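Undergrad: just coords:
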């Protein structure tokens, strides 16, 4: 992260994705945007109840959360 310059960005500008309640809680505790992904055994309800900012059917939806390409 240090080499990419990512460490200089506020953590609120980060996105953390995972497929468990613990993943969502960790992202929220860190102040990142939390994304629950329905690729594991955890359903939409528990991820939403854990406070996920977004719940996606697959990781394929993540680019849509990032906005326009910066290339």
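TA: Perfect, I can see it now. Because the structure is a prediction, the values reported are computed rather than measured.

Undergrad: Helix, strand or coil: sort out the residue lying closest to residue 51 once chain neighbours are set aside for me.
TA: Nearest non-adjacent residue to residue 51, counting by CB to CB, 6 or more residues apart in numbering: residue 28, 5.2 Å away. For every residue, glycine as well, the C-beta is placed using N, CA and C. Secondary structure for residue 28, judged by DSSP: H, G, I helix; E, B strand; the rest coil, is helix.

Undergrad: dump the residue contacts of residue 28.
TA: Taking CB atoms under 8 Å, 6 or more residues apart in numbering as the criterion, residue 28 is in contact with 34, 50-51.

Undergrad: Check residue 19 too.
TA: By CB under 8 Å, 6+ apart, the contact list for residue 19 reads 36-42.

Undergrad: Repeat the analysis, applying 7 Å as the threshold.
TA: 36-37, 39-40, 42 (CB atoms under 7 Å, 6 or more residues apart in numbering).

Undergrad: and those residues, which of them are in strands?
TA: Residues of those located in strands (DSSP state E): 36-37.

Undergrad: Nearest to residue 20 among the contacts of residue 19?
TA: For the contacts of residue 19, the minimum distance to residue 20 (CB to CB) is 5.4 Å, reached by residue 42.

Undergrad: Look up the closest residue to that closest one, ignoring the ones flanking it.
TA: What sits nearest to residue 42 in space, not counting adjacent residues and going by CB to CB, 6+ apart, is residue 20, at 5.4 Å.

Undergrad: Could you pull up phi and psi at that neighbour?
TA: When quoted as degrees, to the nearest 10, the phi and psi of residue 20 stand at phi -130, psi 160.

Undergrad: Surely it and residue 39 touch.
TA: No - in this structure, residue 20 is not within contact of residue 39 by CB atoms under 7 Å, at 10.4 Å.

Undergrad: where do the strands sit along this protein?
TA: Along the chain, counting by DSSP E, strands occupy 15-18, 33-37, 54-56.

Undergrad: Which positions in the helix or strand of the chain with the lowest mean pLDDT come out as buried?
TA: In the chain, no helix or strand scores lower on mean pLDDT, DSSP states H and E than helix 62-66, which sits at a mean of 90. Neighbour counts over helix 62-66 (16 or more other CB atoms under 10 Å) mark no residue as buried.
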